[in-house]
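[1] Structural data only, the sequence is not supplied:
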């Protein structure tokens, strides 16, 4: 019975990873597609490959995710993890349907915390605050500020350049920055699913604290997020690429470069599972504000902000409901 539940949790975790891929595909490539630096299919293929590669570049974020809650051991603990995943998947699908670039990362953490609270399990609040809540607030602010400053630097440096030649050059540069962004997405988001699978294996007694991630977990998570990315996230791509602001190649390059830098820094230095969605969206707003403040469609930005604020509690509430329902059928 317990082995069957573990298999079910792993399958659901990989389904979440897949939804993460198509939900967040726009993060890496929307700016490049909207500026016509890359065609959609080429961009998606590149993002899928870089997502896969990025998943193999670290395990610190996965360790942080697995430390968020301590559900205990046995089938009851696995039920908690399952409910957390279901809550995250539900919120991913809701926000994808409405085209809102919310955070899969915070949906996952919110789901795990909501399920743990419903079950009376231990929540490591210090990890939630230091590794999730604080980065959740700071990373968008840093991305917005850096995006604004980097774009100002580009505008000053290219002030005497021929606009047509400069745009062609930045379109080429966007191929690199989009690849760097996709690599950072794989580094961050694939690890989150790895952390949940490790948590399930820990609850089932198949691994111990301090063990390295099994290779099959890394390959499975990398494959699921890559397949999800390849399937695309066209609704959210339109929001990021067009509805917030109409981007040009220099601004697309600046936004992607800043977002990728923030993703790498938080993954390796802070070991924090930050939101790639929050990061790139804030960077887009930052570079857009250098045109003029009115160039950014702040009404759309307010809708996105509302989704950001709601993600953690909404996913937690759905996860709690899932726990109460599944607990009726599982011990």
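    Right, received. Where do you want to start? What you see is a predicted model, and the numbers here were worked out from it, not measured in a lab.

[2] Which residue of this protein lies farthest from its centroid?
    If you look at how far each residue of the chain sits from its centre, by C-alpha atoms, centre = their mean, the farthest one is residue 160, at 37.7 Å.

[3] need the helices for the stretch 151-300 of the chain, in chain order.
    Assigned by DSSP state H, counting those that start in this stretch, the helices in the stretch 151-300 of the chain fall at 163-185, 191-203, 215-231, 234-238, 249-265, 276-288, 298-326.

[4] For the third one, buried residues please.
    Think helix 215-231. Neighbour-count burial for helix 215-231 flags 217-218, 220-230 (criterion: 16 or more other C-beta atoms under 10 Å). Glycine gets a C-beta too; all of them are placed from N, C-alpha and C.

[5] cool, the first one as well?
    Going by neighbour count (16+ other C-beta under 10 Å), the buried part of helix 163-185 is 166-167, 169-171, 173-175, 177-185.

[6] quick check: angle from that helix to helix 215-231?
    With axes from the mean of the first three to the mean of the last three C-alpha atoms, to 10 degrees applied, the angle from helix 163-185 to helix 215-231 works out at 150 degrees.

[7] just the angle between helix 163-185 and helix 276-288, please?
    Here helix 163-185 runs at an angle of 160 degrees relative to helix 276-288 (the same axes, to 10 degrees).

[8] list the helices and strands the helix or strand in which residue 145 is found packs on?
    With elements taken from DSSP states H and E, the one containing residue 145 is helix 134-157. Under the contact criterion of 3 or more C-beta pairs under 8 Å, 6 or more residues apart in numbering; DSSP states H and E, helix 134-157 touches helix 249-265, helix 276-288.

[9] Buried residues, it. List them.
    Judged by neighbour count (16+ other C-beta under 10 Å), helix 134-157 contains these buried residues: 135-136, 139-140, 142-144, 146-148, 150-151, 154.

[10] And for stretch 66-75?
    With burial defined by 16+ other C-beta under 10 Å, the residues of stretch 66-75 counted as buried are 66-71, 75.

[11] Before I go, just wanted to say thanks for your time.
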